[in-house]
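[1] Provide a 3D model corresponding to the input given below.
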Amino acid sequence: QAPIKATCEEDMSCKTGFPEDVHSAVVSRSVHGGQPLLNVRFRSCDGNKKIHFGSSEPEDFRVGEDGVVYAERSFQLSAEPTEFVVSAQDKETQQEWQMRVKLTPEPAFTGASEKDQRKIEDIIFPWQQYKHSSPLKRQKRDWVIPPINLPENSKGPFPQELVRIRSDRDKSLSLRYSVTGPGADQPPTGIFIINPISGQLSVTKPLDREQIASFHLRAHAVDVNGNQVENPIDIVINVIDMNDNRPEFLHQVWNGTVPEGSKPGTYVMTVTAIDADDPNAQNGMLRYRILSQAPSSPSPNMFTINNETGDIITVAAGLDREKVQQYTLIIQATDMEGNPTYGLSNTATAVIAVTDVNDNPPEFTAMTFYGEVPENRVDVIVANLTVTDKDQPHTPAWNAMYRMTGGDPTGRFTILTDPNSNDGLVTVVKPIDFETNRLFVLTVAAENQVPLAKGIQHPPQSTATVSITVIDVNESPYFVPNPKLVRQEEGLLAGSMLTTFTAQDPDRYMQQTSLRYSKVSDPANWLKIDPVNGQITTTAVLDRESIYVQNNMYNATFLASDNGIPPMSGTGTLQIYLLDINDNAPQVHPKEATTCETLQPNAINITAVDPDIDPNAGPFAFELPDTPASIKRNWTIVRISGDHAQLSLRIRFLEAGIYDVPIVITDSGNPHASSTSLLKVKVCQCDINGDCTDVDRIVGAGLGTGAIIAILLCIIILLILVLMFVVWMKRRDKERQAKQLLIDPEDDVRDNILKYDEEGGGEEDQDYDLSQLQQPDTVEPDAIKPVGIRRLDERPIHAEPQYPVRSAAPHPGDIGDFINEGLKAADNDPTAPPYDSLLVFDYEGSGSTAGSLSSLNSSSSGGEQDYDYLNDWGPRFKKLADMYGGGDD
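    Got it, this is the predicted structure:
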């Protein structure tokens, strides 16, 4: 055993912190994520301190709360030592301590004999004395202890002794030994134990390298008081691999492809298996081989496999997808480098699909195909070309492409491919005339989208013949030429023969009568066509200046029809180019003008307008007529250009008004055409700027016919509106009167509340003395009348209540208060009549002591009664006194 690198310092006093500044440890080169590496020791003199550990390389190393250092990820240690800093911080005081950790990869293991493994070694803590110095002092010395190798799956007996750890100070001191780290006092705990007195380190159960490949422990030596006497030393225990795991394939079924016709040595696929045992030892070294192949045609050994890499390649020719589409191989992987005696093995399945290549060209199912098509039809499928191809359907090696190699020089046909059936569809793309071609014989070829594979003996394409018959159908007649242009001078009289416009029937082989002609479009209705011979004659005078003529051109459309089955027709356009003649005299423009009544300024610019065109239009000649003489006396005209002239006053002053000035205008046609146009000139008073100041008066005096008609229409509409309003008002009054007749006057409550001194009902329901009516002079005063003889409906003697007085213009908000106050006063009024009693006014009762009112007229003479006292009753009875008390009159 070689000495281990360690540091020892003797310090008996308690000091919080790491016991050493640098901690060295030896670990395996391969580090796995989550693997415990070592245990750092921190001394706390105050056991209540809460210490938090940290790492300067948190992405690689993590320190637990118990001081165990774990690997955060899997990596390989380099040959050089790996260093990082472990820190400890007091959570309360934030005080921090640091220690540098140096990890050294363990040397390569060369193996040891079972005897060496079983030999118990002593690991002694370092101790050295200086001979030439006094007193004795400790010195840091380096020791390198090789790892302890322990085979996995050991059968015991357990506990099995490994090494003995002791200090050279155990002769003078009573020491206690302990080990810490994963496998001892840290998970998984209890795997390794140590005798605290003898320092004997032992393993308590079998180890599994596939779970933990190595253990890193730290040995400690303290005295009976727990004080550290030696610096801890690191012990590495490597678990030696045993062949206890079978190879496992990553997939139980592997899928691969190989093109048909591949040459020997073509790569197909790679299968991979893994072994949980040590890959650097024979236990984890795998070898592959093919156990079986199905089917075994054309050869039982079509494939081979690289025994180390698992690559599958072809070793024989003859792969043909049309014969064998898929091969199934059973692959075996064996560890111990394929040793069939000691190695463990496992199997998987490799499925190899043979992919298609174009080794079969398409072949027509017939040498000749037939079809037919009606003439003049396009986008019609006339024939289906069928082929067979042994390659895989719907692949470029199976998809067919068709082309014509002869028989269609004008390109009237094309061949499309049906993507589902792979058939060729012969389609017409240009109209075919039966009278020109009755039969087509096409030569077509079919080939795949991709070229044939090399070495194929078949021809790359297949050819066939397509015979297409054209069917005759009734075609539309057509005019020749179309359109037809005719040049004609305007003014051609009605009934004149213009031209002959005939059509031709393309159906030369059909028996049908001659064509019939008719008119389709004639905007001005100038033409007619003979239905038999197509002769066109005029029905009105042709006028170039018509609104239906555009750019001297007049268009008319005619129809030619046959009597075939079904009947067909065709149209043709006749274009008449009308040549201009001088049939229109020029006119003045504008028709109205305004000028001042004085000589200056008084120029009026006028223009000559002629519907004709050159040479029957301008330049124009302008002059004034000789009669009446006042025209030339008052006016003068001067031409300023070919189409324009200037009219002005000849005299110094002309009275304001409206004047009709005739102007003679002559064009340049041959013969000349002239006309006398009236120019309405409004002469007015002008200001200094030459603007009229009495234009309104002149315009009012000279209203046109249109303005007068508009004014009359407005007046008539206004009268109609007034009449309708009057009728509506009368109808409204009638409806109001009709409503009033339907209302009983006694029920009419639209008037104000009236208070009457009514006497109540008739005589039958009252208890009073009727003699009081006959002797009004003897009526007793109310003050001396007994209470018992007062009428029931007579108004009692009380002070009349004060009804509220409504103001002349009350505020709308006071109306409700006014009504409520009036209602309260009426309810408290004892003099109010009993409206809730039945009152009878038209019945006197029976057996009345009073005579009937009709007795007033029963007397033939009024002399028996003296009515003079009526005059004393006041003005209200004056009329009655005049009637009865007026004497004989």
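
[2] and I658, that one's in a strand?
    Yes. Counting by DSSP: H, G, I helix; E, B strand; the rest coil, I658 is part of a strand.

[3] hmm, it is touching L678, no?
    No. Taking contacts as C-beta atoms under 8 Å, I658 lies outside contact range of L678: 11.4 Å. The way it works is simple: take the backbone N, C-alpha and C, and place the C-beta from them, glycine included.

[4] so which residue is dead centre in this protein?
    Compute the mean C-alpha point of the chain, and by C-alpha atoms, centre = their mean the closest residue is P419, 34.4 Å away.

[5] assumed it was part of a strand.
    No. The assignment for P419, made by three-state DSSP, is coil rather than a strand.

[6] quick one, what contacts it?
    Counting by C-beta atoms under 8 Å, 6 or more residues apart in numbering, P419 touches H394, N399.

[7] how close does it get to Q449?
    12 Å (C-beta to C-beta, to the nearest Å).

[8] what's the answer for T502, then?
    55 Å.

[9] now do stretch 531-539: distance from first to last residue.
    End-to-end distance of stretch 531-539 (C-alpha to C-alpha, to the nearest Å): 15 Å.

[10] can you pull out the strands in the stretch 201-350 of the chain?
    Under the criterion DSSP state E, counting those that start in this stretch, the stretch 201-350 of the chain contains strands at 214-223, 233-240, 248-249, 253-259, 267-270, 273-274, 287-294, 303-305, 311-314, 326-334, 345-355.

[11] residue contacts, I637?
    With C-beta under 8 Å, 6+ apart, I637 has these contacts: F622, E623, L624, A645, Q646, L647, S648, I663.

[12] surely D241 touches R209?
    Yes. D241 lies in contact with R209 (C-beta under 8 Å); the separation is 4.9 Å.

[13] identify the contacts common to those two.
    Joint contacts of D241 and R209 (C-beta under 8 Å, 6+ apart) are E152, D277, D278.

[14] mind listing the strands for the stretch 401-550 of the chain?
    Counting by DSSP E, counting those that start in this stretch, the strands of the stretch 401-550 of the chain are 413-417, 424-428, 439-448, 462-471, 478-479, 484-489, 497-500, 503-504, 516-521, 527-529, 535-538.

[15] what helix or strand is the closest residue to Q488 other than its chain neighbours on?
    Nearest residue to Q488 in three dimensions, chain neighbours excluded: I576, at 5.7 Å (C-beta to C-beta, 6 or more residues apart in numbering). I576 is located in strand 569-579, with elements delineated by DSSP states H and E.

[16] so what does that strand touch, helix or strand wise?
    strand 478-479, strand 484-489, strand 553-561 (3 or more C-beta pairs under 8 Å, 6 or more residues apart in numbering; DSSP states H and E).

[17] rerun that using 6 Å as the cut-off
    strand 484-489, strand 553-561 (3 or more C-beta pairs under 6 Å, 6 or more residues apart in numbering; DSSP states H and E).

[18] direction included, what does it pair against?
    strand 484-489 (parallel), strand 553-561 (antiparallel) (DSSP bridges).

[19] which of the residues in the shortest one are buried?
    Buried positions in strand 484-489, judged by neighbour count with 16 or more other C-beta atoms under 10 Å: K484, Q488.

[20] and that strand, how far out from the chain's middle?
    Its chain's C-alpha centre and that of strand 484-489 lie 59 Å apart, by C-alpha atoms, centre = their mean, to the nearest Å.

[21] what does it rub up against?
    Under the criterion C-beta atoms under 6 Å, 6 or more residues apart in numbering, residues T499, F501, L574, Q575, I576, Y577, L579, I581 lie in contact with strand 484-489.

[22] got the CA coordinates for that strand in PDB?
    The C-alpha trace of strand 484-489 is given here as PDB (Å, rounded to 0.1, in the frame of the first residue of the first chain):
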ATOM      1  CA  LYS A 484     -69.000  43.700 -92.900                       C
ATOM      2  CA  LEU A 485     -68.100  47.300 -93.600                       C
ATOM      3  CA  VAL A 486     -70.100  49.500 -96.000                       C
ATOM      4  CA  ARG A 487     -69.300  53.100 -96.900                       C
ATOM      5  CA  GLN A 488     -72.400  55.200 -97.700                       C
ATOM      6  CA  GLU A 489     -73.200  58.900 -97.900                       C
END
